[in-house]
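[1] Return a 3D structure for these sequence lines:
(4 chains)
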Number of protein chains: 2
Amino acid sequence: MAETEPTGGGDPARTIATLWGRRPMPRRGPKHTLTTPQVVAAAVELADGDQDLATLSMRRVAESLGVGTMSLYTYIASREELVEVMLDHVYAEAVERLGPAGGRDWADGLRRVAEVSWELYLRHPWVLQVFTGRPPLGPHAIAKYERELAVIDGIGLTDVEMDAVITLVHTHVEGVARRRIEADRVVRRTGISDEQWWERVQPLVEEVFDAARFPVAARVGEAAGQAHQAAHNPEHAYAFGLDRLLEGVAALIGTRAT
Amino acid sequence: MAETEPTGGGDPARTIATLWGRRPMPRRGPKHTLTTPQVVAAAVELADGDQDLATLSMRRVAESLGVGTMSLYTYIASREELVEVMLDHVYAEAVERLGPAGGRDWADGLRRVAEVSWELYLRHPWVLQVFTGRPPLGPHAIAKYERELAVIDGIGLTDVEMDAVITLVHTHVEGVARRRIEADRVVRRTGISDEQWWERVQPLVEEVFDAARFPVAARVGEAAGQAHQAAHNPEHAYAFGLDRLLEGVAALIGTRAT
DNA sequence: ACGAGACTTCGTATGCCGTACGGAGAGAAT
DNA sequence: ATTCTCTCCGTACGGCATACGAAGTCTCGT
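    Just a heads-up that it's a prediction; the model follows:
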């Protein structure tokens, strides 16, 4: 299993200042050997390498930068704040990939929004291990939101509906990506492939599973397993869900147009 | 922040045996002072109380049962296996609430499926902190799947589509519930309400946020904030998303009917 | 020119965590 | 009665975030 980590705990003022690079440089004292962005970049690199946030420790970040562990606390308030700033750091990639608004119809635009997030999660799986209790108000998070909204601006939705549609797309992509990533992670962690796992588990399940008690599950599980070559196929879930969802949005826009 | 925990690491055979209560009772040695279900129930109670998996430690579970920490390992292989069995334990509630199949049309049925999961997550928020790398093959997980599928059986969808629709509903509910729960958690953890947080953060954001650079985000964020009395309204996201999603499924069924 | 004081760096220590190991003693099988 | 298997659990190890405070460095006011 993997567990999630909370954010939003530290002093909000300090975190926002850090996010926007507005922490005042002290006028006295020894020279800094590092900068906050350097610390954040080092942490992101480690997390990307491990594809995991649980193994990202302050000690390891400090080690990778060649400084003492406690020196990090000069640049960030806590591990929690570090993670929050790491998040905004990688959102910059999404902003760039979304590009400036215009040129597409809303459905293609939403597909692009979904795709950009999907790819971000695959590149930085640890992002999905972060629970942001409060909206992360970093510069790139806001820029990302702006470009996403621009895609569905002026097509007849109310402002509140626009926000809801973007949230809906994100909820879907996040959920599916989470399953995709966790499936990868378990294979890497255990060294057991899906096939090997199923080979080992199938006889035990057969001993215990009563197909008469679960007729529909038996039939559908079998069919889905055959079709996907696995218990779950995230790419299929991604595409299928996005299609349904866009049809639902189209229906909503239809009622507005009339 | 909160981080997620992995499952699926231990010996799958042992875990499945534990899930189905099929671990052979030893023929020799002293009497057991506990049973596996007792350990699991105690752990669930602690996790429910904390609303958090991170603070659930083997030491605390043992303490609450009045035994030594290491004694727990007689009943479960590891903390990881414990969490997996805890999951199946609470799925029993969902099975009961879903009830036997029949009586509803598919859309009401899917709404009920969503509602049951939603309520489960609110009652046991720690469930959303678990990443199940492999499908959890416990008895109640399977029974739950069976009753969910029954809701959309025989309405013209293929078996693979049925699986995809159930997955889609779950992805949505899970994602929205996760945000709802994390919002609760951050308030409890920090003792700062949404209003207090916004009061403290707003002046800082205004100093740094350039409405000219983010015109759509400024407009929509304002409107959504007004409408929801918060940065995010999970109940609204839940209902809005589910409506879109069911319309998308209806469209799919429509193409099948013709 | 120099001392005050602000600042960075980081060693040490505290209190958590999961769990490996092995000893003591219970109980069943022989 | 002996042997062997099993439970219970004390102890110990290596990990974690971070509080605290000492030591050294640099700026600024005088």
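[2] List the contacts of A:Val113.
    Shown here is A:Val113, whose contacts under the criterion Cβ atoms under 8 Å, 6 or more residues apart in numbering or on different chains are A:Leu98, A:Glu148, A:Val151, A:Ile166, A:Val169. (C-beta placed from N, C-alpha, C; glycine too.)
[3] sorry, that was for A:Arg111
    A:Leu242, A:Leu246.
[4] what's the helix or strand for it?
    According to DSSP states H and E, A:Arg111 maps onto helix A:106-123.
[5] average model confidence for that helix?
    For helix A:106-123, the mean pLDDT works out to 98.
[6] what does stretch A:212-221 give?
    Mean pLDDT, computed over stretch A:212-221, is 96.
[7] near chain B, anything from it?
    Yes: looking at stretch A:212-221 against chain B by Cβ under 8 Å from any Cβ of the partner chain, the contacts come from A:Arg213, A:Phe214, A:Pro215, A:Val216, A:Ala217, A:Arg219, A:Val220, A:Gly221.
[8] what about the residue nearest to A:Ser193 when sequence neighbours are not counted, which SS state?
    The shortest distance from A:Ser193 to any residue that is not its chain neighbour, by Cβ to Cβ, 6 or more residues apart in numbering or on different chains, is 5.9 Å, and that residue is A:Val187. Here A:Val187 is recorded as helix under DSSP: H, G, I helix; E, B strand; the rest coil.
[9] is it true that A:Val187 touches A:Ile181?
    No: in this structure, A:Val187 is not within contact of A:Ile181 by Cβ atoms under 8 Å, at 10.9 Å.
[10] Tell me which other helices or strands the helix or strand containing A:Met86 touches.
    A:Met86 belongs to helix A:79-98 when elements are defined using DSSP H and E. For helix A:79-98, the packing partners by 3 or more Cβ pairs under 8 Å, 6 or more residues apart in numbering or on different chains; DSSP states H and E come out as strand A:2-7, helix A:12-19, helix A:36-50, helix A:58-65, helix A:106-123, strand A:130-132, helix A:139-150.
[11] now the helix or strand harbouring A:Leu245 against helix B:234-257, angle please.
    Using DSSP H and E, the secondary-structure element containing A:Leu245 is helix A:234-257. With axes from the mean of the first three to the mean of the last three Cα atoms, to 10 degrees defining the directions, helix A:234-257 sits at 100 degrees from helix B:234-257.
[12] Flag every buried residue along the helix holding A:Arg111.
    Of the residues in helix A:106-123, those with enough neighbours to count as buried (16 or more other Cβ atoms under 10 Å in any protein chain shown) are A:106-107, A:109-114, A:116-118, A:120-121.
[13] about what we covered before: compute the inter-axis angle for the helix holding A:Met86 and helix A:36-50.
    When the same axes, to 10 degrees is applied, the directions of helix A:79-98 and helix A:36-50 differ by 80 degrees.
[14] circling back: return the closest of the contacts of A:Val113 with respect to A:Gln196.
    The closest of the contacts of A:Val113 to A:Gln196 turns out to be A:Val169 (Cβ to Cβ; 35.1 Å).
[15] count of neighbours near that closest one?
    Using other Cβ atoms under 10 Å in any protein chain shown as the criterion, A:Val169 is surrounded by 24 other residues.
[16] Surely it is in a helix?
    Yes: counting by three-state DSSP, A:Val169 is found in a helix.
[17] What confidence value was assigned to it?
    Value for A:Val169, per-residue pLDDT: 98.
[18] next one: A:Arg60
    In the prediction, the pLDDT value recorded for A:Arg60 is 96.
[19] Same check on the one 4 residues further on?
    Listed pLDDT for A:Ser64 reads 96.
[20] pLDDT below threshold where in chain A?
    A:1-3, A:6, A:8-10, A:258 (pLDDT under 70).
[21] Spell out which residues of it are next to DNA strand D.
    Chain A comes close to DNA strand D at residues A:27-31, A:56-60, A:69-70, A:73, A:78-80, as judged by Cβ under 7 Å from any atom of the strand.
[22] just the buried members of the residues you listed?
    Among the residues of chain A next to DNA strand D, those classed as buried by 16+ other Cβ under 10 Å are A:Leu56, A:Met58, A:Arg60, A:Ser78, A:Arg79, A:Glu80.
[23] Can you report how many residues lie near the closest residue to DNA strand C within the stretch 101-250 of chain A?
    With Cβ to the nearest atom of the strand, the shortest gap between the stretch 101-250 of chain A and DNA strand C falls at A:Arg189, namely 12.6 Å. One way to gauge burial is a neighbour count; for A:Arg189, by other Cβ under 10 Å, it gives 16.
[24] Next: A:His170.
    Applying other Cβ under 10 Å, we find 17 residues neighbouring A:His170.
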